[in-house]
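[1] heads up, no residue letters with this:
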């Protein structure tokens, strides 16, 4: 099993920045892809970004491309999401996920964290 714990969420004004972190523990050697997803109130969970074990492959949702950057530090078993130029529509609970397979821009990830709230005020 792999456990994932997100941190770094909070309240920020539109145009501001936040950096989310997700620390993995347990059978981390089994992980390849790590990703970020989000779910706004009344909406379905959606893909945000994902990254391969080496960091050489990344995918982004069109709505965040150019504003968000995903990265990882395998020595710390941690993945990050740097979010810049935040908009009110980015408000959601952000979830970290991990999977033994390579990165794919879908919800098909085996391990999930509990989520962290990001609220962007206008």
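    Thanks, I have it. Being a predicted model, the structure only gives us computed values, none of them experimental.
[2] Helix or strand for the residue nearest in space to the middle of the chain, just tell me which one.
    Centroid check for the chain by C-alpha atoms, centre = their mean gives residue 36 as the closest residue, at 2.2 Å. Per DSSP states H and E: residue 36 is located in strand 33-39.
[3] Give me the packing partners of the following helix or strand past that strand, helices and strands only.
    Note on strand 33-39: by DSSP H and E, the next helix or strand toward the C-terminus is strand 46-51. On a contact count with 3 or more C-beta pairs under 8 Å, 6 or more residues apart in numbering; DSSP states H and E, strand 46-51 meets strand 33-39, strand 58-60, strand 68-73, strand 78-83. Where C-beta positions appear, they are placed from N, C-alpha and C, glycine not excepted.
[4] The next helix or strand after the last one pairs with which strands, and in what direction?
    This points to strand 78-83. Per DSSP H and E, strand 78-83 leads on to strand 92-99 as the next helix or strand towards the C-terminus. Applying DSSP bridges, strand 92-99 is found paired with strand 33-39 (antiparallel), strand 111-112 (antiparallel), strand 116-121 (antiparallel).
[5] which regions of the protein lie under the pLDDT threshold?
    Residues of the chain meeting the criterion pLDDT under 70: none.
[6] so how many other residues sit close to the nearest residue to the residue nearest to the centre of the chain once chain neighbours are set aside?
    Of all residues not flanking residue 36 in the chain, residue 48 sits nearest, at 4.3 Å (C-beta to C-beta, 6 or more residues apart in numbering). Residues lying near residue 48 (other C-beta atoms under 10 Å) number 24.
[7] so the residue nearest to the centre of the chain sits right up against residue 98, yeah?
    No: if you go by C-beta atoms under 8 Å, residue 36 and residue 98 don't touch, sitting 10.8 Å apart.
[8] what residues are shared contacts of those two?
    Residues touching both residue 36 and residue 98 by C-beta atoms under 8 Å, 6 or more residues apart in numbering: residue 79.
[9] on that earlier part again, of the helices and strands packed on strand 46-51, which is nearest residue 91?
    For these, the distance to residue 91 is smallest for strand 33-39, at 8.9 Å, taking C-beta to C-beta.
[10] contact partners of that closest one?
    Under the contact criterion C-beta under 8 Å, 6+ apart, strand 33-39 has outside partners 20, 22, 24, 45-53, 70, 72, 79, 81, 90, 92-99, 101-104, 107, 109, 115, 118.
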